[in-house]
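J.: Using only what follows, build the 3D model:
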Amino acid sequence: MDLHRLRYFVAVAEARSVGKAAERLRMAQPPLSVQIRKLEAEVGAPLFHRGTRGMDLTEAGQALLARAGEALALAADGIEAARAVAAGRRGRISVGYMFVLANAVLPRLIPELRRSIPGVDLDFVDLSASTREARLLDRSVTVALCMPAIHHPEIQVARIGAQRFMLAMPNRSPLARLGAVPMARLQGRPLVALPPPERDPASSAVAALLRRHQIVMPIASRVETVHSAMSLVLAGEGLAILPACAKLGAPRGIVFRPLLDAADSIDIAVCWRRDSQSPLIPKFLKCAEKVVARL
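T.: Purely as a prediction, here's the structure:
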(Lines give C-alpha, C1' and ligand atoms only; values in the text may rest on other atoms or scores of the structure.)
Protein backbone atom coordinates (compact mmCIF):
# COMPACT_ATOMS: atom_id res chain seq x y z
CA MET A 1 0.00 0.00 0.00
CA ASP A 2 1.25 3.47 -0.95
CA LEU A 3 2.22 5.28 2.26
CA HIS A 4 1.43 8.66 0.71
CA ARG A 5 -2.08 7.45 -0.02
CA LEU A 6 -2.41 6.14 3.52
CA ARG A 7 -1.25 9.50 4.89
CA TYR A 8 -3.88 11.25 2.76
CA PHE A 9 -6.54 8.93 4.18
CA VAL A 10 -5.55 9.76 7.76
CA ALA A 11 -5.65 13.50 7.02
CA VAL A 12 -9.17 13.28 5.55
CA ALA A 13 -10.36 11.07 8.42
CA GLU A 14 -9.06 13.56 11.01
CA ALA A 15 -10.44 16.61 9.21
CA ARG A 16 -13.72 14.91 8.14
CA SER A 17 -13.41 16.98 4.99
CA VAL A 18 -11.39 16.65 1.81
CA GLY A 19 -11.17 20.43 1.54
CA LYS A 20 -9.80 20.94 5.06
CA ALA A 21 -7.42 18.01 4.67
CA ALA A 22 -6.16 19.46 1.38
CA GLU A 23 -5.42 22.78 3.13
CA ARG A 24 -3.46 21.00 5.85
CA LEU A 25 -1.56 18.92 3.30
CA ARG A 26 -1.00 22.01 1.13
CA MET A 27 -2.33 20.37 -2.00
CA ALA A 28 -5.30 20.87 -4.32
CA GLN A 29 -8.58 19.18 -3.44
CA PRO A 30 -9.21 17.24 -6.70
CA PRO A 31 -5.95 15.19 -6.60
CA LEU A 32 -6.64 14.35 -2.96
CA SER A 33 -10.13 13.11 -3.84
CA VAL A 34 -8.61 10.95 -6.59
CA GLN A 35 -6.14 9.39 -4.13
CA ILE A 36 -8.93 8.57 -1.68
CA ARG A 37 -10.98 6.90 -4.43
CA LYS A 38 -7.93 4.88 -5.50
CA LEU A 39 -7.40 3.76 -1.93
CA GLU A 40 -11.04 2.68 -1.67
CA ALA A 41 -10.62 0.72 -4.90
CA GLU A 42 -7.49 -0.92 -3.49
CA VAL A 43 -9.25 -1.85 -0.26
CA GLY A 44 -12.35 -2.96 -2.14
CA ALA A 45 -14.80 -1.09 0.09
CA PRO A 46 -15.99 2.48 0.75
CA LEU A 47 -14.02 4.13 3.52
CA PHE A 48 -16.22 7.19 4.02
CA HIS A 49 -19.87 8.12 4.19
CA ARG A 50 -20.07 11.37 2.24
CA GLY A 51 -22.74 13.76 3.48
CA THR A 52 -23.57 17.44 3.72
CA ARG A 53 -22.08 17.62 7.23
CA GLY A 54 -18.79 16.10 6.29
CA MET A 55 -17.17 12.74 5.75
CA ASP A 56 -17.65 10.01 8.34
CA LEU A 57 -15.75 6.77 8.39
CA THR A 58 -17.45 3.55 7.41
CA GLU A 59 -16.76 0.44 9.48
CA ALA A 60 -14.07 -0.45 6.95
CA GLY A 61 -12.63 3.05 7.27
CA GLN A 62 -12.58 2.80 11.06
CA ALA A 63 -10.73 -0.49 10.84
CA LEU A 64 -8.14 1.01 8.51
CA LEU A 65 -7.68 4.15 10.61
CA ALA A 66 -7.04 2.04 13.71
CA ARG A 67 -3.97 0.59 11.98
CA ALA A 68 -2.95 3.44 9.67
CA GLY A 69 -1.39 5.66 12.31
CA GLU A 70 0.70 2.78 13.63
CA ALA A 71 1.78 1.83 10.10
CA LEU A 72 2.84 5.40 9.29
CA ALA A 73 4.67 5.75 12.59
CA LEU A 74 6.50 2.47 12.05
CA ALA A 75 7.49 3.50 8.53
CA ALA A 76 8.79 6.85 9.74
CA ASP A 77 10.64 5.22 12.65
CA GLY A 78 12.21 2.68 10.32
CA ILE A 79 13.48 5.34 7.94
CA GLU A 80 14.81 7.47 10.80
CA ALA A 81 16.47 4.47 12.44
CA ALA A 82 18.21 3.58 9.18
CA ARG A 83 19.42 7.14 8.73
CA ALA A 84 20.62 7.30 12.34
CA VAL A 85 22.69 4.13 11.92
CA ALA A 86 24.08 5.31 8.60
CA ALA A 87 24.96 8.75 9.95
CA GLY A 88 26.27 7.57 13.32
CA ARG A 89 23.79 9.56 15.37
CA ARG A 90 20.96 8.70 17.73
CA GLY A 91 18.08 10.93 16.75
CA ARG A 92 17.02 14.36 15.63
CA ILE A 93 14.93 17.13 17.14
CA SER A 94 13.78 20.16 15.21
CA VAL A 95 13.34 23.19 17.46
CA GLY A 96 11.16 26.08 16.39
CA TYR A 97 11.63 29.40 18.14
CA MET A 98 10.08 32.85 17.93
CA PHE A 99 12.38 35.77 17.21
CA VAL A 100 11.59 37.52 20.48
CA LEU A 101 13.17 34.60 22.38
CA ALA A 102 16.18 34.05 20.12
CA ASN A 103 18.76 36.33 21.74
CA ALA A 104 17.62 35.67 25.30
CA VAL A 105 17.24 31.89 25.16
CA LEU A 106 19.18 30.25 22.31
CA PRO A 107 22.74 31.22 23.42
CA ARG A 108 22.06 29.42 26.72
CA LEU A 109 19.74 26.68 25.51
CA ILE A 110 21.92 25.28 22.72
CA PRO A 111 24.96 24.55 24.96
CA GLU A 112 22.60 23.02 27.54
CA LEU A 113 21.11 20.73 24.89
CA ARG A 114 24.57 19.76 23.63
CA ARG A 115 25.54 18.74 27.15
CA SER A 116 22.30 16.93 27.97
CA ILE A 117 21.67 15.10 24.67
CA PRO A 118 25.07 15.03 22.94
CA GLY A 119 24.14 12.29 20.48
CA VAL A 120 21.12 14.13 19.10
CA ASP A 121 21.15 16.15 15.91
CA LEU A 122 19.63 19.61 16.49
CA ASP A 123 17.81 21.72 13.91
CA PHE A 124 16.54 25.25 14.57
CA VAL A 125 13.70 26.91 12.69
CA ASP A 126 12.65 30.56 12.98
CA LEU A 127 8.90 30.91 13.57
CA SER A 128 6.45 33.80 13.39
CA ALA A 129 2.99 34.25 14.85
CA SER A 130 1.44 33.12 11.57
CA THR A 131 3.64 30.04 10.97
CA ARG A 132 4.21 28.50 14.41
CA GLU A 133 0.96 26.54 14.63
CA ALA A 134 1.20 25.16 11.08
CA ARG A 135 4.84 24.13 11.54
CA LEU A 136 3.94 22.03 14.55
CA LEU A 137 0.85 20.49 12.98
CA ASP A 138 2.65 19.45 9.80
CA ARG A 139 5.59 18.17 11.88
CA SER A 140 8.10 20.58 10.34
CA VAL A 141 9.26 21.15 13.92
CA THR A 142 9.22 18.76 16.88
CA VAL A 143 8.89 21.40 19.58
CA ALA A 144 8.38 25.15 19.53
CA LEU A 145 9.51 27.85 21.95
CA CYS A 146 6.60 30.26 21.90
CA MET A 147 5.49 33.54 23.41
CA PRO A 148 2.59 33.40 24.12
CA ALA A 149 1.47 29.75 24.20
CA ILE A 150 -0.41 28.21 21.27
CA HIS A 151 -4.04 27.30 21.95
CA HIS A 152 -5.03 24.38 19.72
CA PRO A 153 -6.66 21.04 20.59
CA GLU A 154 -3.88 19.06 18.89
CA ILE A 155 -1.03 20.91 20.60
CA GLN A 156 0.32 20.27 24.10
CA VAL A 157 1.65 23.22 26.07
CA ALA A 158 4.05 23.52 29.00
CA ARG A 159 4.46 27.01 30.42
CA ILE A 160 8.05 27.41 31.56
CA GLY A 161 8.34 31.08 32.46
CA ALA A 162 7.14 34.61 31.83
CA GLN A 163 8.51 37.98 30.79
CA ARG A 164 7.26 41.30 32.09
CA PHE A 165 5.96 43.83 29.57
CA MET A 166 7.98 46.97 28.92
CA LEU A 167 7.47 50.01 26.71
CA ALA A 168 9.71 50.31 23.64
CA MET A 169 10.24 53.79 22.20
CA PRO A 170 12.76 55.85 20.23
CA ASN A 171 15.46 57.32 22.45
CA ARG A 172 14.36 60.77 21.28
CA SER A 173 10.88 60.31 22.78
CA PRO A 174 10.06 62.54 25.79
CA LEU A 175 9.00 59.36 27.61
CA ALA A 176 12.57 58.06 27.34
CA ARG A 177 13.60 60.60 29.98
CA LEU A 178 11.45 58.80 32.56
CA GLY A 179 12.76 55.93 34.67
CA ALA A 180 9.35 54.27 34.42
CA VAL A 181 6.32 55.29 32.37
CA PRO A 182 2.89 55.75 34.03
CA MET A 183 0.15 53.97 32.14
CA ALA A 184 -1.80 57.23 31.87
CA ARG A 185 0.97 58.68 29.68
CA LEU A 186 0.11 56.11 26.96
CA GLN A 187 -3.40 57.49 26.39
CA GLY A 188 -3.96 58.37 22.74
CA ARG A 189 -0.44 57.46 21.61
CA PRO A 190 -0.14 55.24 18.51
CA LEU A 191 0.65 51.56 19.14
CA VAL A 192 2.71 49.24 16.96
CA ALA A 193 0.99 45.94 17.73
CA LEU A 194 1.73 42.27 17.27
CA PRO A 195 -0.87 39.73 16.09
CA PRO A 196 -3.41 38.68 18.74
CA PRO A 197 -3.72 35.01 19.74
CA GLU A 198 -4.86 32.86 16.82
CA ARG A 199 -8.12 31.56 18.29
CA ASP A 200 -9.11 34.29 20.75
CA PRO A 201 -8.06 37.81 19.72
CA ALA A 202 -9.86 39.30 22.72
CA SER A 203 -7.46 37.46 25.06
CA SER A 204 -4.40 39.45 23.95
CA ALA A 205 -2.34 40.23 27.03
CA VAL A 206 -1.51 43.74 25.79
CA ALA A 207 -5.17 44.47 25.00
CA ALA A 208 -6.15 43.24 28.46
CA LEU A 209 -3.51 45.48 30.06
CA LEU A 210 -4.81 48.55 28.25
CA ARG A 211 -8.47 47.73 28.98
CA ARG A 212 -7.80 47.30 32.68
CA HIS A 213 -6.21 50.74 32.87
CA GLN A 214 -8.85 52.25 30.56
CA ILE A 215 -6.19 53.32 28.10
CA VAL A 216 -6.91 53.69 24.38
CA MET A 217 -3.94 53.45 22.02
CA PRO A 218 -4.92 53.60 18.34
CA ILE A 219 -3.13 50.87 16.37
CA ALA A 220 -0.75 52.48 13.90
CA SER A 221 0.44 49.14 12.45
CA ARG A 222 0.07 45.43 13.19
CA VAL A 223 3.17 43.39 12.36
CA GLU A 224 4.26 39.74 12.50
CA THR A 225 7.44 39.94 14.58
CA VAL A 226 9.01 41.86 17.43
CA HIS A 227 11.87 42.74 15.05
CA SER A 228 9.41 44.46 12.68
CA ALA A 229 7.71 46.20 15.58
CA MET A 230 10.99 47.69 16.81
CA SER A 231 11.86 48.85 13.29
CA LEU A 232 8.59 50.79 13.08
CA VAL A 233 9.09 52.19 16.57
CA LEU A 234 12.54 53.42 15.53
CA ALA A 235 10.97 55.05 12.48
CA GLY A 236 8.63 57.01 14.74
CA GLU A 237 5.43 55.16 13.80
CA GLY A 238 4.41 54.55 17.40
CA LEU A 239 5.25 52.85 20.68
CA ALA A 240 5.30 49.10 21.32
CA ILE A 241 4.51 47.11 24.46
CA LEU A 242 6.91 44.16 24.31
CA PRO A 243 8.36 41.45 26.57
CA ALA A 244 11.45 42.54 28.48
CA CYS A 245 13.64 39.99 26.67
CA ALA A 246 13.13 41.92 23.41
CA LYS A 247 15.71 44.41 24.72
CA LEU A 248 18.48 41.98 23.78
CA GLY A 249 17.63 42.27 20.10
CA ALA A 250 16.80 45.97 20.04
CA PRO A 251 18.47 48.14 17.37
CA ARG A 252 20.45 51.20 18.34
CA GLY A 253 18.10 54.10 19.02
CA ILE A 254 15.42 52.03 20.80
CA VAL A 255 15.07 52.22 24.59
CA PHE A 256 12.90 50.18 26.95
CA ARG A 257 11.21 51.48 30.08
CA PRO A 258 9.12 49.60 32.68
CA LEU A 259 5.45 50.50 33.04
CA LEU A 260 5.11 52.23 36.39
CA ASP A 261 1.81 50.84 37.63
CA ALA A 262 1.56 47.55 35.74
CA ALA A 263 3.31 44.25 36.41
CA ASP A 264 1.66 42.29 33.57
CA SER A 265 3.68 39.58 31.87
CA ILE A 266 3.44 37.16 28.96
CA ASP A 267 4.04 33.42 29.13
CA ILE A 268 6.99 31.57 27.62
CA ALA A 269 5.88 28.09 26.58
CA VAL A 270 7.18 24.92 25.01
CA CYS A 271 4.61 23.51 22.57
CA TRP A 272 4.47 20.18 20.72
CA ARG A 273 1.95 17.92 19.00
CA ARG A 274 -0.23 16.18 21.54
CA ASP A 275 0.15 12.86 19.71
CA SER A 276 3.95 13.03 19.53
CA GLN A 277 5.74 10.09 21.10
CA SER A 278 9.27 11.47 20.78
CA PRO A 279 11.35 10.61 23.86
CA LEU A 280 13.40 13.73 23.18
CA ILE A 281 10.58 16.11 24.11
CA PRO A 282 10.81 15.58 27.91
CA LYS A 283 14.58 16.01 27.72
CA PHE A 284 14.21 19.21 25.71
CA LEU A 285 11.58 20.49 28.14
CA LYS A 286 13.87 19.93 31.11
CA CYS A 287 16.69 21.87 29.41
CA ALA A 288 14.37 24.73 28.43
CA GLU A 289 12.95 25.02 31.95
CA LYS A 290 16.45 25.19 33.39
CA VAL A 291 17.53 27.95 30.97
CA VAL A 292 14.39 30.09 31.25
CA ALA A 293 14.52 29.96 35.06
CA ARG A 294 17.82 31.85 34.83
CA LEU A 295 16.49 34.69 32.65
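J.: ok, Glu112 - contacts?
T.: Listed by Cβ atoms under 8 Å, 6 or more residues apart in numbering, the contact set of Glu112 reads 287, 290-291. Where C-beta positions appear, they are placed from N, C-alpha and C, glycine not excepted.
J.: For those, please prepare TSV with the additional fields pLDDT, neighbour count and distance to Arg115.
T.: Output for the contacts of Glu112, formatted as TSV (pLDDT from 0 to 100; neighbours: other Cβ atoms under 10 Å; distance: Cβ to Cβ, whole Å):
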residue	pLDDT	neighbour count	distance to Arg115
Cys287	96	21	9
Lys290	96	14	11
Val291	96	22	11
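J.: any idea which helix or strand comes after the one helix or strand Ser228 maps to?
T.: Ser228 is part of helix 226-234, with elements assigned from DSSP states H and E. Next helix or strand after helix 226-234 toward the C-terminus (DSSP H and E): strand 240-243.
J.: State the pLDDT value of Arg199.
T.: Reading off the confidence values, Arg199 has pLDDT 52.
J.: Next one: the closest residue to Pro195 other than its chain neighbours from Glu237, what distance?
T.: In space, Pro195 comes closest to Ala129 once its chain neighbours are excluded; the distance is 4.2 Å by Cβ to Cβ, 6 or more residues apart in numbering. Separation of Ala129 from Glu237 (Cβ to Cβ, to the nearest Å) stands at 19 Å.
J.: quick one, which of those two is more surrounded?
T.: Summary of the neighbour comparison: Ala129 and Glu237, criterion other Cβ atoms under 10 Å, with Ala129 having more neighbours (21 against 17).
J.: so the helix or strand hosting Leu167 versus helix 226-234, what angle?
T.: Element membership for Leu167 (DSSP H and E) is strand 155-170. Between the axes of strand 155-170 and helix 226-234, defined by axes from the mean of the first three to the mean of the last three Cα atoms, to 10 degrees, the angle is 20 degrees.
J.: Work out the gap between strand 155-170 and the centre of the chain.
T.: Chain-centre distance of strand 155-170: 14 Å, with Cα atoms, centre = their mean, to the nearest Å.
J.: Okay, and the beta partners of the nearest residue to Gly236 once chain neighbours are set aside?
T.: Counting by Cβ to Cβ, 6+ apart, the nearest residue to Gly236 once its immediate chain neighbours are dropped is Pro170, at 6.2 Å. Each beta-bridge partner of Pro170 is listed here, defined by DSSP bridges: Ile254.
J.: Wait, Pro170 touches Val233, no?
T.: Yes. Using Cβ atoms under 8 Å, Pro170 and Val233 qualify as a contacting pair, with a distance of 6.4 Å.
J.: count of residues packed around Ala229?
T.: Using other Cβ under 10 Å as the criterion, Ala229 is surrounded by 27 other residues.
J.: what sits against it?
T.: Applying Cβ under 8 Å, 6+ apart, one finds that Ala229 lies in contact with 168, 192-194, 223, 240, 242.
J.: Tell me which stretches of this structure form helices.
T.: Listed in chain order, the helices of the chain (DSSP state H) span 3-15, 18-25, 29-43, 59-87, 99-116, 132-137, 205-212, 226-234, 280-292.
J.: possible to save the ones you listed as JSON lines with distance to His151?
T.: Rendered in JSON lines, the data for these read as follows (distance: least, Cβ to Cβ, whole Å):
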{"stretch": "helix 3-15", "distance to His151": "19"}
{"stretch": "helix 18-25", "distance to His151": "18"}
{"stretch": "helix 29-43", "distance to His151": "28"}
{"stretch": "helix 59-87", "distance to His151": "24"}
{"stretch": "helix 99-116", "distance to His151": "18"}
{"stretch": "helix 132-137", "distance to His151": "9"}
{"stretch": "helix 205-212", "distance to His151": "13"}
{"stretch": "helix 226-234", "distance to His151": "20"}
{"stretch": "helix 280-292", "distance to His151": "19"}
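J.: measure the closest residue to His4 other than its chain neighbours to Val255 for me?
T.: If the residues on either side of it in the chain are set aside, His4 comes closest to Gln35, at 7.6 Å by Cβ to Cβ, 6+ apart. Shown here: Gln35 relative to Val255, a distance of 56 Å by Cβ to Cβ.
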